[in-house]
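Colleague: pasted the sequence and its predicted model underneath.
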Amino acid sequence: MAVAGPLDLRRTLAPLRHGGFDPTMRIGPDGVWRVTRMATGPASVHLTPGRHGVRARAWGPGGAEALDAVPDLVGADDDRSGFEPHHHPVVAALDRRLPGIRIPRSGSVLEALVPIVLEQKVTGIEAERSLRALVRSLGERAPGPAGDGGLLVPPAPQRLAATPSYAFHPFGVERRRADTIRRAAAVAPALEHLIALPPAAARRRLCALPGVGPWTAAEVALVALGDRDAVPVGDYHLPHQVAWALAGEARGDDARMLELLEPFAGHRGRVVRLVVAAGVTAPRFGPRAEVRSIAGI
């Protein structure tokens, strides 16, 4: 598949992978393996960078549909019009250094939502552990070579919705997050239709779901809806990263982050992606968050 302009496949798709051992996705020397559940069934997709774009292969009942979705997935039509990186020298430098980062549009709202809900109010290690346990218990073997490599299909919405809250406890997930996932899974068809709405309207609809706030909605919008302007307010680290990158301030809050991003309105999420992809981290002053074991309570 041809793509106009540079495409950094791995960095573009990195936000879709949750943790180093996401059971539905692997990024490695052989390219990107992603397992998804399309309307026509499960699919495994293998993507590798090509000379003028990306090469894609797929397996499983949903393979043909997944191949049709590849251009959106890799941000082939990501629209940079109105993005003016020269408004800030750091943003301009990052944009030159990382020219192939695009905003992906997976279209898989529930698949994006579940791991992000698992990341609410816990450490990344806890969330990654919960995701592995949940998918291994409720998912299924991926079709084709991805399954041979140990990857799994995300759980079907019907199975998530039918799983009682207490059954999430061994995954390290308390009732509040479990119920959020179950409620979202019960309305999965309506969630997938959000892709047709303007991004801001889609985020508002997401926030109407109990347990889904602005942070969760923005994180979902950045990967599932191709929302170039989504900013995850309420994040523990992100305001510090943005303040450090754009103002040299070791600490920032949501208000300061939004102030610094305002010159890039319409593409604030793109600036966030550049800052995160560049590995910008603010100095640490406090202790790391404690890793707990909800499953053991």
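Modeller: Looks like it arrived, so ask away. Since the structure is predicted, the reported quantities are computational estimates derived from the model, not experimental observations.

Colleague: which SS state does Ser44 fall under?
Modeller: The assignment at Ser44 comes out as strand when based on DSSP: H, G, I helix; E, B strand; the rest coil.

Colleague: to clarify, my last question referred to Val173.
Modeller: Under three-state DSSP, Val173 comes out as coil.

Colleague: correct me, but it touches Ser137?
Modeller: No: the pair Val173 / Ser137 is not scored as a contact, 11.2 Å apart, by C-beta atoms under 8 Å. Every residue, glycine included, has its C-beta placed from N, CA and C.

Colleague: looking at the two, which one has more neighbours?
Modeller: Val173 (26 against 14; other C-beta atoms under 10 Å).

Colleague: shaky segments in the stretch 151-297 of the chain?
Modeller: The stretch 151-297 of the chain contains residues with pLDDT under 70 at 286-297.

Colleague: now with 50?
Modeller: Where the stretch 151-297 of the chain drops to pLDDT under 50, the residues are 289, 291-292.

Colleague: got the residue ranges for the helices in it?
Modeller: For the stretch 151-297 of the chain, helices defined by DSSP state H, counting those that start in this stretch occupy the ranges 157-162, 175-186, 188-192, 199-207, 214-224, 238-247, 254-261, 268-277.

Colleague: next up, the contacts around the closest residue to Val231 other than its chain neighbours.
Modeller: Excluding its sequence neighbours, the residue lying closest to Val231 (C-beta to C-beta, 6 or more residues apart in numbering) is Arg268, at 4.9 Å. For Arg268, the contacting residues are 228-231, 258, 261-262, by C-beta atoms under 8 Å, 6 or more residues apart in numbering.

Colleague: redo these as JSON lines? Include distance to Leu194.
Modeller: Below are the contacts of Arg268 laid out as JSON lines (distance: C-beta to C-beta, whole Å):
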{"residue": "Arg228", "distance to Leu194": "16"}
{"residue": "Asp229", "distance to Leu194": "15"}
{"residue": "Ala230", "distance to Leu194": "13"}
{"residue": "Val231", "distance to Leu194": "18"}
{"residue": "Leu258", "distance to Leu194": "23"}
{"residue": "Leu261", "distance to Leu194": "23"}
{"residue": "Glu262", "distance to Leu194": "26"}
